[in-house]
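# mind looking at a prediction? Sequence and model below.
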Amino acid sequence: MVLGVNLTDEDEMSDIEAFVKEFDMPYPVLLDTEGFVDELYGIPGIPMSIFIDREGKITQVQIGVLTGEQIEKSLDELLKS
């Protein structure tokens with residue numbers, strides 16, 4: 001499952017929906033209004049991708065933008081484990 005999380009607590013859901021539509025994002029994007037994701041994973045910067053296995057273990061962290069190819073490679077590796 002792929003989820004996006006917006007960490008900007010100043011954004012409204014309508015802002016996020018417009019961003020998702022503009023960039024044709026094919027996965028749900030959530031709004032972290034309480035800062036739980038940053039607290040849980042210690043996000044040092046955004047954009048950031050965190051790959052988590054079925055047991056909830058972080059398997060890869062990538063700071064910065066990922067290409068589609070990089071995402072596919074990371075997901076393939078994750079699904080093999």
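Cool, got the structure.

# rest of the way, CA atoms for contacts and neighbours
OK.

# chain center to stretch 25-35, what's the gap?
Counting by Cα atoms, centre = their mean, to the nearest Å, stretch 25-35 is centred 8 Å from the centre of its parent chain.

# any buried residues in that stretch, and which?
29, 31 (16 or more other Cα atoms under 10 Å).

# biggest helix in the protein by residues?
For the chain, the helix reaching the highest residue count under DSSP state H is reported as helix 68-80.

# for that one, packing partners?
In terms of contacts (3 or more Cα pairs under 8 Å, 6 or more residues apart in numbering; DSSP states H and E), helix 68-80 is packed against strand 48-52.

# list of residues touching the worst-scoring helix or strand of the chain on mean pLDDT?
Within the chain, no helix or strand scores below helix 36-41, which has a mean of 80 by mean pLDDT, DSSP states H and E. Residues outside helix 36-41 that contact it (Cα atoms under 8 Å, 6 or more residues apart in numbering) are 7, 43.

# flag every buried residue along that helix.
Under 16+ other Cα under 10 Å, helix 36-41 has no buried positions.
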